[in-house]
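In: With the input below, show me the fold.
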Amino acid sequence: MTYGDVEHIVPKSVEPEKAFEWSNLTLACDVCNTNKGTHFGNHEDLVDPYQMEPSEHLVFFGSGSSR
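Out: Now for the predicted structure:
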């Protein structure tokens, strides 16, 4: 079991001045965070759970589904 990582949305290596900005930090699973590396692409199509309601953009299936 893992507890997750605090992830930089814009990597520190790309914009070091954002390293400690709250708006540039999020929670990520440690495997995804490690695999992401320093990739930084177009985030316009991502669902930002701090600004949007995820259930309006995603469909959930499986045992965790409320449907």
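
In: what packs against the worst-scoring helix or strand of the chain on mean pLDDT?
Out: The weakest-scoring helix or strand in the chain, judged by mean pLDDT, DSSP states H and E, is helix 30-36 (a mean of 78). In terms of contacts (3 or more CB pairs under 8 Å, 6 or more residues apart in numbering; DSSP states H and E), helix 30-36 is packed against strand 5-8. Placement of C-beta: from N, CA and C, glycine included.

In: Please, where are all the strands along the chain?
Out: Using DSSP state E, the strands assigned to the chain run over residues 5-8, 25-28.

In: hang on, the earlier thing: which positions within the least confident helix or strand of the chain qualify as buried?
Out: Neighbour counts using 16 or more other CB atoms under 10 Å place residue 33 of helix 30-36 among the buried residues.

In: For it, which outside residues touch it?
Out: Identification of contacts with helix 30-36 by CB atoms under 8 Å, 6 or more residues apart in numbering yields 2-5, 7, 28.

In: do the same with stretch 8-21
Out: So stretch 8-21 is contacted by 24-26, 38-40, 43 (CB under 8 Å, 6+ apart).

In: that older thread, among the contacts of helix 30-36, show me the least confident.
Out: When those are sorted by pLDDT, the bottom entry is residue 2 at 74.

In: which residues touch that one?
Out: Residue 2 makes contact with 29-31 under the criterion CB under 8 Å, 6+ apart.

In: any chance of the residues you listed in a markdown table, plus distance to residue 18?
Out: Shown next, in a markdown table, are these (distance: CB to CB, whole Å):
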| residue | distance to residue 18 |
| --- | --- |
| 29 | 21 |
| 30 | 21 |
| 31 | 23 |
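
In: so which of those residues comes closest to residue 48?
Out: Taking CB to CB as the measure, residue 48 sits nearest to residue 29 out of these, at 17.3 Å.

In: Quick check: pLDDT value at the closest one.
Out: 83.

In: Apart from its chain neighbours, what residue comes closest to it?
Out: residue 4 (5.7 Å; CB to CB, 6 or more residues apart in numbering).
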